[in-house]
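Chemist: Next one to model:
(2 chains)
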Amino acid sequence: MEERERLQAFEQTVLPHLDAAHNLARWLAGNDQDAQDVAQEACLRAFKFFGSFRGDNPRAWLLSIVRNTFYTWLRKNRPAAATVALDDEALEVADPGAAGEALQLRQGDAEAVRRAIAALPVEFREVIVLREMEAMSYKDIASLAEVPIGTVMSRLARARKLLHKQLAREYAAGGPS
Amino acid sequence: MNCDQAQPLIAAHADGELDTVRMLEMEVHLSTCPACSQAWRELQQLQQAVRQESLYHPAPNALRRRVLAELKAQTRPARERSFGSWFRLAPAVSGVAVLSLAVMLTVTMNRPSAHDQLVQELVSNHIRSLMANHTLDVVSTDQHTVKPWFNGRVDFAPPVKDLAAQGFPLIGGRLDYAHNRTVAALVFQRNKHFINVFIWPSSEASAAPTPDSVRQGFHLIHWSQDGMTYWAVSDLNETELLEFAWDFAG
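Modeler: Model (predicted):
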């Protein structure tokens, strides 16, 4: 394919998902500058490998490249953060149902929710972003994150418990400021 | 469906992952079970909270522009501009001239592009530098020795950096010839791999390091900044070479 046609096809197929790419990068990296660097690098890589894209889900494909770019970036820039293994025991939280506290979410709580998501371990944060913000299926998340579907489900469940617990704590402390 | 069966499926239900039969069973159960319907409501509230629009980070326009500019810079073929001017001329010339023009165009098209020639030239330079035991004219890991060495040898001042801290120690520099001119070559090492960075002044717009091509197993990464153009060539894998380029450019 001519380079110009390739670029045109890329602009029409992949670049419409730049928002999703940036959103994932932003939640993974945690700040604007790094997020933009990761998203841009991912787009350039995606273009380079566009010839090998065969699937019918360009958004999932681009997001998998964003994710890989992010982890490469993380290993390089924050080696300590990249080597932290997920300790399932340490993240075990009480069943919120048993605690019986209902979350009364109010308007203007976005800041508390943002803090709670940002505080999640990165493996949990990514499944929350992909599932809730991108409405991706378990199957697509599993192939994107290169883990079995069961792992996606258990990470999602733990992530939600942690979020619930964190938010319940914020509200118990008098609600978000 | 009882509570023991329903509870593990509440999340899958909220995520739209249940088949129709289970989904209907679940809805029946939720309508009769206060504990499960409470858990269901909490999960829905949590989902709504996370899905708030203000928590989504769409791409800033600046990023969109930068990505497009980078992609366009990458895809501009070297011969495009000369083609453009030929085609603009074409309607103005006579039939005979058009014919000879067509012959000329065919010849031009079959010739390797300027870009291909440059890539081949840089790879050859890289290979020659390894074979001839002539990698370096100035051997020094000190950027303050290597940089002044270029004074008077080339008509520009190539930026010289030591990236030992990033795992790419500078081992020296030399003069080389590419793109019809004398260029500066800096040599870095990563483990047993050598990296040649070829540098010369250019009017190219700034462009971030980008993998350009692979030739004979060597990766080429290209970038431009501050009026200089840079080509890194190495047998190092592309990821590490790109890391190197970003470290150098950064």
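Chemist: contacts and neighbour counts: CA atoms only from here.
Modeler: Will do.
Chemist: which residues in chain A form helices?
Modeler: A:3-13, A:18-29, A:32-48, A:58-77, A:79-83, A:96-99, A:110-118, A:122-128, A:138-145, A:149-172 (DSSP state H).
Chemist: for those helices, which one sits closest to chain B?
Modeler: helix A:18-29 (4.4 Å; C-alpha to the nearest C-alpha).
Chemist: residues from chain B in reach of chain A?
Modeler: B:11, B:15, B:17, B:39, B:42, B:45-47, B:49-52, B:54-59, B:63-64, B:66-67, B:70-72, B:75-77, B:210-211 (C-alpha under 8 Å from any C-alpha of the partner chain).
Chemist: Which of the residues you listed are buried, as a ChimeraX select command?
Modeler: Here is the ChimeraX command that selects the buried residues among the residues of chain B next to chain A (16 or more other C-alpha atoms under 10 Å in any protein chain shown):
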select /B:11,15,39,42,45,46,47,49,50,51,52,55,56,57,58,59,63,64,67,70,71,210,211
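Chemist: can you list the domains in chain B?
Modeler: Using automatic domain parsing, the domain parsing of chain B gives B:3-55, B:113-249.
Chemist: quick one: residue A:153 and residue A:141 touch, right?
Modeler: No: between residue A:153 and residue A:141 there is no contact, the gap being 9.8 Å when judged by C-alpha atoms under 8 Å.
Chemist: And these two? Which one has more around it.
Modeler: Per other C-alpha atoms under 10 Å in any protein chain shown, whichever of residue A:153 and residue A:141 has more neighbours is residue A:141, with 23 against 17.
Chemist: Which pLDDT value belongs to that one?
Modeler: Looking at residue A:141, its pLDDT reads 95.
Chemist: pLDDT at the residue nearest to residue B:238 when sequence neighbours are not counted, what is it?
Modeler: Distance criterion C-alpha to C-alpha, 6 or more residues apart in numbering or on different chains; nearest residue to residue B:238, sequence neighbours excluded, is residue B:219 at 6.2 Å. Predicted confidence (pLDDT) for residue B:219: 94.
Chemist: Is residue B:219 bridged to anything, and to what?
Modeler: residue B:214, residue B:234 (DSSP bridges).
Chemist: What about it, how many residues nearby?
Modeler: There are 22 residues near residue B:219, going by other C-alpha under 10 Å.
Chemist: Identify the residues contacting residue B:194.
Modeler: B:187, B:188, B:234, B:235, B:236 (C-alpha atoms under 8 Å, 6 or more residues apart in numbering or on different chains).
Chemist: ok, the fourth one to chain A distance?
Modeler: Pointing back at residue B:235 there. 19 Å (C-alpha to the nearest C-alpha, to the nearest Å).
Chemist: Tell me where the model's unsure across chain A.
Modeler: Counting by pLDDT under 70, chain A shows low-confidence ranges at A:1, A:80-108, A:173-177.
Chemist: now do 50
Modeler: For chain A, the stretches flagged by pLDDT under 50 are A:84-100, A:107, A:176-177.
Chemist: What separation is there between residue B:7 and residue B:42?
Modeler: From residue B:7 across to residue B:42, the span is 13 Å (C-alpha to C-alpha, to the nearest Å).
Chemist: re earlier: thinking the residue nearest to residue B:238 is in contact with residue B:236, fair?
Modeler: Yes: contact status for residue B:219 versus residue B:236: in contact at 7.2 Å, counting by C-alpha under 8 Å.
Chemist: Tell me which residue is most central in chain A.
Modeler: residue A:126 (2.6 Å; C-alpha atoms, centre = their mean).
Chemist: Contacts only, for residue A:125.
Modeler: A:27, A:28, A:117, A:118, A:159 are the contacts of residue A:125 under C-alpha under 8 Å, 6+ apart.
Chemist: highest average neighbour count across the domains of chain B?
Modeler: domain B:113-249 (a mean of 18; mean count of other C-alpha atoms under 10 Å in any protein chain shown).
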